[in-house]
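Colleague: What follows is a predicted structure for the sequence shown.
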Amino acid sequence: MFRASRGRQPRCTSAAISCQSTWSATAPARTSLSSRLTWSLERPLITASPRRGYHGGKKITGRGRHVAVDTEGWLLALVVTAASVSDKAGAKILLIKLFDALSTLKVMWADTGYNGKPLARYAQAAAAITVEVVARTSPHSFRVLRRRWVVERTFGWLMRYRRLARDYERTTANSEAMIYWATVIIMTRRLARYENGQPPIQRWGGERARLPQQAALSTGS
């Protein structure tokens, strides 16, 4: 319904992917020595920590939120991992979720962090999706990137919820639940405006509403 109201097809054929690294506000849970040894032997190769990790490029100790959105910015798939997991490794898990949920995707836009032939070949072989990297033309000036900016706007929507400003959750499953919860709130509010025929809220452009001027306080004599 959201896509139909914007004149788009109900089933999307393109998506945008990105990753957001957030600080973790909680310490890792205490576990016994035997459980830690068992986890270290059986853990997957693409994860460095079951709960949080360190991102060397961004200097952040926490988690990474790998999301995929449609051209309108609505969430299609979500994976929360440790921040030490690379963007490409998180994208592989995200592609599996996308393929299970949507079989009509053909193109996926990404930034230069997802550049490389291995990921492109994996996406084409696993989900028949073409990864198109949208790079900046000039690094020291502002340019609107073609159709990839919608995923950054989605991160802006989510950051309006204080629970998501940092990662306060003990597990990655709880982190994903909080993000889905915030997304449901955003979509239900937008759906209520569609049902009532209210125009979308204009957040930029036009004249700003001015507050009424207060009467000057008299000091008396």
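Modeller: Now that the structure is in, tell me what you want to look at.
Colleague: which stretches of the protein form helices?
Modeller: Under the criterion DSSP state H, helices of the chain are mapped to 2-5, 33-42, 87-101, 117-127, 149-158, 172-196.
Colleague: weakest of those helices in terms of mean pLDDT?
Modeller: Ranked by mean pLDDT, the helices of the chain bottom out at helix 33-42, which scores a mean of 46.
Colleague: Excluding chain neighbours, what is closest to the residue nearest to the spatial centre of the chain?
Modeller: In the chain, the centroid-proximal residue (Cα atoms, centre = their mean) is V67; its distance is 4.0 Å. Nearest non-adjacent residue to V67, counting by Cβ to Cβ, 6 or more residues apart in numbering: L78, 5.3 Å away. Just so you know, the C-beta spots here come from the backbone N, C-alpha and C atoms, and that holds for glycine as well.
Colleague: ditto for T61
Modeller: Using Cβ to Cβ, 6+ apart, the closest residue to T61 is Y54 (4.9 Å).
Colleague: For burial, what's the neighbour tally of R136?
Modeller: Counted with other Cβ atoms under 10 Å, the neighbours of R136 add up to 12.
Colleague: Then I179?
Modeller: 20.
Colleague: what residues are up against the closest residue to it other than its chain neighbours?
Modeller: Excluding the flanking residues, the one nearest I179 by Cβ to Cβ, 6+ apart is L78, at 5.8 Å. Residues near L78 by Cβ atoms under 8 Å, 6 or more residues apart in numbering: 65-68, 94, 97, 176, 179-180.
Colleague: Give me the pLDDT for L78.
Modeller: 95.
Colleague: any idea how far R166 is from R52?
Modeller: Using Cβ to Cβ, to the nearest Å, one gets 11 Å for the distance from R52 to R166.
Colleague: okay, those two: which has more neighbours?
Modeller: The neighbour comparison of R52 against R166 (other Cβ under 10 Å) goes to R52, with 24 against 14.
Colleague: Having no further points to raise, I will conclude here.
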